[in-house]
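> take a look and give me a structure for this.
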Amino acid sequence: MRHFALLGGLVAQSAFGMGLFGISPSPIGYNMVKINPSTGVATPVAYLGYQNWQAINSMTYDPVNRLYVAVATSGGTSAQFIFINPMDWAHWSTDLDTPAQYWEAIEWMPGWPNPMVVTGGSNYYTQYLIFYNTNHVASAFTLGNVPGNYDMDSLFRDAGNNLNTLDVNNPVDGISPRHIIVGATNNNWTWTPYSNWTAHGDFDMDGAYDPVTQRTYLSRWTNLGYYSPNGASIINLPNYGSGINVGALAYGAEKVTITGNIVLENTISNFAFGTQRDINYAIKQGTTTVWSGMVTATTQVHNFSIEIPSDIQGPSIFEWDTGPHLVKKLIIVLPGYSTGFGTVNLKNGDCDLSGEVDSADIDVVIANFGNVYPNDPGNLNADVDCSGEVDSDDIDIVIACFGNVDD
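Numbering: from 1, shown residues only. Now for the predicted structure:
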């Protein structure tokens with residue numbers, strides 16, 4: 001159990017790309033900060049509040065729900081999860097519903113049945129592991145078979161997906177404050193020491209593994225450090241910056257902006273009032289939709305700017321679908337930074353949304369012929385050119401697009 005004085009910090013806007021994030025105390029609460037892993041400089045991105053909490057010294061990233069999750073403690077018998085959304089830095093908290101009296105460290109372990117792990121205990125010591133499912137509900141806990149009055153102030157994974165614990169102020173075996181927990185999901189788990197005491201100090205806080213740099217980073221309160229490959233030493237980077245100290249540390253996602261143009265073919269340049277097109281989009285990887293949303297076009301050429309989490313990466317199918325325009329699918333590779341998409345052309349004429357422009361679409365136009373929108377009822381998709389009136393131009397467009405199908 002460690003506590004540090006609250007120091008000052010500024011609030012600014014976020015940048016793009018995945019990376020290291022931390023929580024820094026200030027005189028009026030806590031700030032979320034982004035840390036440059038090359039320079040060690042920390043930039044505040046959001047004010048979190050929570051000024052009544054005694055400590056927020058551990059954080060992880062939940063890739064299933066795409067949220068940062070931190071443990072906030074107040075005294076020995078009160079704690080909450082703090083959830084932080086990297087898309088807009090909105091945050092909220094819930095009480096921990098576990099058998100512990102005291103809670104401290106947290107980590108997400110990919111591939112584990114209950115992947116979110118929290119340390120629990122009593123009397124200001126955390127001596128067992130509590131496992132939460134992807135709905136953040138406690139599902140199990142395990143006790144260790146480790147001699148001594150041990151404590152687990154920090155949890156973090158390493159390059160081998162091992163669960164590490166760190167406690168620099170309650171020596172246990174006299175070898176190292178950092179241990180790899182062996183068999184963590186079973187009772188009577190054990191641990192093996194990793195690194196040594198000379199590498200650490202009482203100021204070492206939370207750890208985080210960065211797969212980009214392939215480094216296990218450690219927040220050292222005033223600055224960022226990272227372990228040498230054998231853990232024998234910690235390489236220090238310069239201070240975070242004036243007035244910034246970081247306790248909780250995690251590697252995860254933030255907001256990425258995808259930009260481009262959508263061309264709604266065979267429409268007028270500027271749509272008539274009430275004929276805007278709501279364009280649904282979905283990002284799919286395999287058969288799974290990993291992100292979706294909607295943009296609204298009022299002109300034939302619509303410039304779009306879409307925000308997605310930066311941990312949506314790799315080959316993806318970007319699917320566009322709106323009104324009488326046929327579904328368009330594009331294969332793209334999403335990186336973890338701002339992306340220019342280019343131009344997306346959507347073919348017109350599918351009034352009945354069957355996925356094919358055929359005689360049935362001509363029938364829809366004829367059935368709605370003469371309708372003027374938004375005053376007249378009827379099928380807005382029959383006004384394929386968005387002129388505000390269903391007329392012979394719409395029939396001509398359907399005929400010109402005859403035979404086209406969804407991607």
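
> use CA for all of it now, contacts and neighbours both
Noted.

> so where's the protein uncertain?
For the chain, the stretches flagged by pLDDT under 70 are 1-17, 75-76, 335-339.

> domain boundaries for it, per the record?
For the chain, automatic domain parsing gives the domain ranges 19-252, 255-400.

> find the nearest non-adjacent residue to the residue nearest the centre of the chain, please.
For the chain, residue 66 is the residue whose C-alpha lies nearest the centre (CA atoms, centre = their mean; 3.5 Å). Nearest non-adjacent residue to residue 66, counting by CA to CA, 6 or more residues apart in numbering: residue 85, 7.1 Å away.

> what's the answer for residue 301, then?
In space, and not counting its chain neighbours, residue 301 is closest to residue 263: 4.6 Å by CA to CA, 6+ apart.

> could you say what helices and strands the helix or strand that neighbour falls within packs with?
Taking DSSP states H and E as the definition, one finds residue 263 inside strand 255-264. Applying 3 or more CA pairs under 8 Å, 6 or more residues apart in numbering; DSSP states H and E, we find strand 255-264 packed against strand 301-309, strand 339-346.

> got the angle between that strand and strand 301-309?
Orientation of strand 255-264 against strand 301-309 (axes from the mean of the first three to the mean of the last three CA atoms, to 10 degrees) gives an angle of 150 degrees.

> please, which helix or strand holds residue 398?
Secondary-structure assignment from DSSP H and E places residue 398 in helix 392-400.

> show me what contacts residue 358?
When contacts are counted by CA atoms under 8 Å, 6 or more residues apart in numbering, residue 358 touches 350, 398, 402, 403.

> quick one: the helices in this structure?
Listed in chain order, the helices found in the chain under DSSP state H are 359-367, 392-400.

> now mean neighbour count and distance to residue 243 too, for those, in JSON lines please.
Putting these into JSON lines (neighbours: other CA atoms under 10 Å; distance: least, CA to CA, whole Å) gives the following:
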{"stretch": "helix 359-367", "mean neighbour count": "18", "distance to residue 243": "65"}
{"stretch": "helix 392-400", "mean neighbour count": "18", "distance to residue 243": "64"}
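
> picking that back up, just put the domains of the chain in TSV and tack on distance to residue 407.
Shown next, in TSV, are these (distance: least, CA to CA, whole Å):
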stretch	distance to residue 407
domain 19-252	29
domain 255-400	5
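
> the residue nearest to the centre of the chain and residue 83 touch, don't they?
No - if you go by CA atoms under 8 Å, residue 66 and residue 83 don't touch, sitting 9.8 Å apart.

> excluding its backbone neighbours, what's nearest residue 33?
Residue 33 sits nearest to residue 44 (CA to CA, 6+ apart), 4.0 Å away.

> equivalent analysis for residue 384, please.
residue 394 (5.7 Å).

> same check on residue 90?
Spatial nearest neighbour of residue 90, excluding adjacent residues (CA to CA, 6+ apart): residue 84 at 5.9 Å.

> how close does that neighbour sit to residue 253?
Separation of residue 84 from residue 253 (CA to CA, to the nearest Å) stands at 11 Å.

> neighbour-wise, which of the two wins?
residue 253 (27 against 20; other CA atoms under 10 Å).

> residue 325 versus the more buried one, what's the distance?
Distance of residue 253 to residue 325, computed by CA to CA: 33 Å.

> again, but for residue 206
Distance of residue 206 to residue 325, computed by CA to CA: 51 Å.

> and residue 157, by the same measure?
Residue 157 is 47 Å from residue 325, where distance means CA to CA.

> what do you get for residue 165?
55 Å.

> identify the residues contacting the residue nearest to residue 66.
Contacts of residue 85 by CA under 8 Å, 6+ apart are 66, 67, 68, 91.

> with residue 289 instead?
Contacts were defined as CA under 8 Å, 6+ apart; by that measure residue 289 touches 282, 283.

> quick check: residue 105 touching residue 69?
No - judged on CA under 8 Å, residue 105 makes no contact with residue 69 at a distance of 10.7 Å.

> shared neighbours of the two, anything?
Shared contacts of residue 105 and residue 69, defined by CA under 8 Å, 6+ apart, are found at residue 59.

> give the burial count for residue 160, as a bare number.
If you count neighbours by other CA under 10 Å, residue 160 ends up with 7.

> just to revisit the earlier point, could you tell me the angle between the helix holding residue 398 and helix 359-367?
Computed by the same axes, to 10 degrees, the angle separating helix 392-400 from helix 359-367 equals 180 degrees.

> just checking, what packs against helix 392-400?
With contacts taken as 3+ CA pairs under 8 Å, 6+ apart, helix 392-400 sits against helix 359-367.

> only alpha carbons, please: show the helix it packs on as CSV.
Presented in CSV, the C-alpha positions along helix 359-367 are these (Å, rounded to 0.1, in the frame of the first residue of the first chain):
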residue,chain,number,x,y,z
SER,A,359,-37.8,-4.6,-63.1
ALA,A,360,-39.2,-4.5,-59.5
ASP,A,361,-37.3,-1.3,-58.9
ILE,A,362,-39.0,0.3,-62.0
ASP,A,363,-42.3,-0.8,-60.5
VAL,A,364,-41.5,1.0,-57.3
VAL,A,365,-40.8,4.3,-59.1
ILE,A,366,-44.0,4.0,-61.1
ALA,A,367,-46.0,3.3,-58.0
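
> please consider this matter closed, and thank you.
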